[in-house]
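Peer 1: with the sequence up front, the predicted model follows.
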Amino acid sequence: MRTEVLGADDTHESPTVAAIGAIHGDEPCGARAIERFLATGLQDRLQRPIKLIIANERALAASSRYVEVDLNRSFPGDAESDLYEERLAHRLWSEIKGCVTLGFHSTVSFDSPFGTFADPTFLKSRIMRALPIEHAADFSAVAQGRSVNLPRFVNVEAGYQQSEAAAETAYECLLAYLRAMGALPDSANQTSTMHYLVQTVIEKSEKQDYTICAENFQRVAPGEVYATTGQGQTLTADKEFWPVLMSADGHDVLLGYQADQLGEISQTIPEWLLLNGRARHLCTLCR
Ligand SMILES: [Zn+2]
């Protein structure tokens, strides 16, 4: 694991803003965005200290998702584990405790970038709206032990794995995130982002070849066929849903997820909560 602490000369504060690339070694977009940031001289403009972390260097060098076990399924980790990624998860979690963190990923399912998070807070909503993304998938109902379950942690899926476009998008997302966190001086550009609540895992059989008929984040109507198999099976929606991370060959036993579209994220996760019928702004910790 490589950690770069930047912008700390004047304040001597420990950074509370972090970004992580190469959580998965076959998704180099985040590591490339960090390397590009380090090469630009933009660090001289930082207004608060930040940490940039390239997490799984061994898997990145091997261009494989992980070496022994999936790092993103290993949080909070175990310092005494026999497994490399479980020890790494423990070190990584120790490094970002107390930080707001953006993790970078890429997919085999969708070329447009989108955000992922769990346990909604106004801070996470604000980061999602600051990133150049149209969709944000909320995994609160289905994810456990993943980076999205850590406090103040959000991810961006920057595009197709290993693509130039994903590396470019990851860099744009890194700059937008640093602006949103007040680490870069330019004002954050808050844009409309749709909030989807991921509800159901769509399983697949390893014995079948699948063809996907639906588009990620595009509504599938009740009765609509969203996938077929080479063995003559059709998968039909029994109720409307919006596909997330749906792909024929992204995973051995997982075709994707069914999500509900909740609405624009500034409406679904507002800055205030209704308490006893009166609007109250959330305190800093609740955000
Ligand atoms: Zn990933």
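Peer 2: Great, that's in hand. Numbering: from 1, shown residues only.

Peer 1: rest of the way, CA atoms for contacts and neighbours
Peer 2: OK.

Peer 1: what pLDDT is listed against the residue of the chain most remote from its centre?
Peer 2: Among the C-alpha atoms of the chain, the one farthest from their average position, using Cα atoms, centre = their mean, is that of residue 232, at 34.8 Å. pLDDT, the model's per-residue confidence, is 91 for residue 232.

Peer 1: so how far is residue 51 from it?
Peer 2: Using Cα to Cα, to the nearest Å, we find residue 232 at a distance of 51 Å from residue 51.

Peer 1: quick check: chain neighbours aside, which residue is closest to the closest residue to the ion within the stretch 1-150 of the chain?
Peer 2: Checking the stretch 1-150 of the chain residue by residue against the ion with Cα to the ion singles out residue 105 as nearest, at 4.1 Å. Here the nearest residue to residue 105 in space, its sequence neighbours aside, is residue 157; by Cα to Cα, 6 or more residues apart in numbering that works out to 4.6 Å.

Peer 1: quick one: the strand or helix carrying the one you found to chain centroid distance?
Peer 2: When elements are assigned from DSSP states H and E, residue 157 belongs to strand 153-160. Relative to the chain's own centre, strand 153-160 is displaced by 4 Å; criterion: Cα atoms, centre = their mean, to the nearest Å.

Peer 1: give me the contacts around that strand.
Peer 2: For strand 153-160, contacts defined as Cα atoms under 8 Å, 6 or more residues apart in numbering pick out 29, 100-118, 124, 147-148, 165-167, 169-170, 173.

Peer 1: and the protein, which of its residues are near the ion?
Peer 2: Along the chain, the residues adjacent to the ion under the rule Cα under 5 Å from the ion are 24, 105.

Peer 1: for the chain, longest helix please?
Peer 2: Once the chain is assigned using DSSP state H, the helix that runs over the most residues is helix 164-180.

Peer 1: all strands of the stretch 151-287 of the chain, in order?
Peer 2: Using DSSP state E, counting those that start in this stretch, the strands of the stretch 151-287 of the chain run over 153-160, 194-203, 210-212, 225-229, 234-236, 242-244, 254-264, 272-275, 278-281.
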